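Asker: any chance you could fold what I've pasted below:
(3 chains)
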Amino acid sequence: MPSLTEAFFTRDPVTCSRELIGCHFHWHGAAGIIVETEAYDSADDPACHTWFRPSTRAFVESHPAGTAYVYLNYGVHWLFNILVKGPHRSGFVLFRALEPVSGIDAMRQRRPKIRHTHQLASGPGKLTRALGIDGSAHGTRILLAPHCRITRPAPTATVTAPLTGPRIGISRAQDLPWRFGHPHSPALSQKFPTPPAPQVAPPR
DNA sequence: GCCAGGATGTTA
DNA sequence: AACATCCTGGCG
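Answerer: Purely as a prediction, here's the structure:
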């Protein structure tokens, strides 16, 4: 399976977030399928940290595409993002959920109370806990690090139509459908809204 | 199964 | 004061 390079992240955040669904994320000997992501746009997205944090605007300016942006949320959970810098748009991809594939024993050790495999990383804070990601990854170019790989599946296995919906846990910009999910994955953090009924009756 | 509430650190 | 969350306990 081909590995992503930093070039993947030199496009716009929404495209990157959507195309990451179905890719495999390897971190220090553990790995899983990326089943849920969210896009944040550094220019005009009120939910993006750049909207209200000068330090995050400086981070975007001073780091290349593919840099990890990791921060502590609610004082409790590390959240893992990758910096995206395209010619027209920049921002972040938030990794929200993973379906564990390997290194499951290590994930269980870090999340000892979790019974079901598909609940080990079914949320952005759970994901970082399961993989052992913390603030030490912040600001590093993960795709150049030997312990990190993101691989793309064969074209036949690519998720062509990920689920979409509003982002979770934010109060601003609820109208933007910038959350993406793997259809029918058991490891999503929450259900996606059912898509609107088709406007025209399908042919029979 | 559901929901209310608490823990907790960094930013502004 | 707000916050891109998770877990627990209480209730049915």
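Asker: can you tell me how far A:S3 is from A:R53?
Answerer: 31 Å (C-beta to C-beta, to the nearest Å). Heads up, the C-betas are built off the backbone N, CA and C, glycines and all.
Asker: repeat for A:K191
Answerer: Relative to A:R53, A:K191 is positioned 30 Å away (C-beta to C-beta).
Asker: who's more crowded, these two?
Answerer: Set side by side, A:K191 and A:R53 show more neighbours around A:R53, with 12 against 9, by other C-beta atoms under 10 Å.
Asker: now that one: how far from DNA strand B?
Answerer: Here A:R53 is placed at a distance of 3 Å from DNA strand B (C-beta to the nearest atom of the strand, to the nearest Å).
Asker: now swap in A:V70 and tell me
Answerer: Distance from A:V70 to DNA strand B, by C-beta to the nearest atom of the strand: 11 Å.
Asker: which SSE is the residue of chain A found nearest DNA strand C in?
Answerer: Ranked by C-beta to the nearest atom of the strand, the top residue of chain A for proximity to DNA strand C is A:G169, at 1.9 Å. For A:G169, there is no host helix or strand (DSSP states H and E).
Asker: A:R129 too?
Answerer: Using DSSP H and E, A:R129 falls in helix A:124-131.
Asker: check A:I150 too.
Answerer: A:I150 belongs to strand A:148-151 when assigned by DSSP H and E.
Asker: pull the residues that contact the very next helix or strand once past that strand.
Answerer: Using DSSP H and E, the helix or strand that follows strand A:148-151 in sequence is strand A:163-165. The contact list for strand A:163-165, computed with C-beta atoms under 8 Å, 6 or more residues apart in numbering, reads A:R18, A:P177, A:W178, A:R179, A:F180, A:G181, A:H182, A:P183, A:F192, A:P193.
Asker: now the buried members of those.
Answerer: A:R18, A:W178, A:R179, A:F180, A:G181, A:H182, A:F192 (16 or more other C-beta atoms under 10 Å).
Asker: nearest spatial neighbour of the fifth one, skipping sequence neighbours?
Answerer: The spatially closest residue to A:G181, leaving aside those adjacent along the chain, is A:L163, at 3.9 Å (C-beta to C-beta, 6 or more residues apart in numbering).
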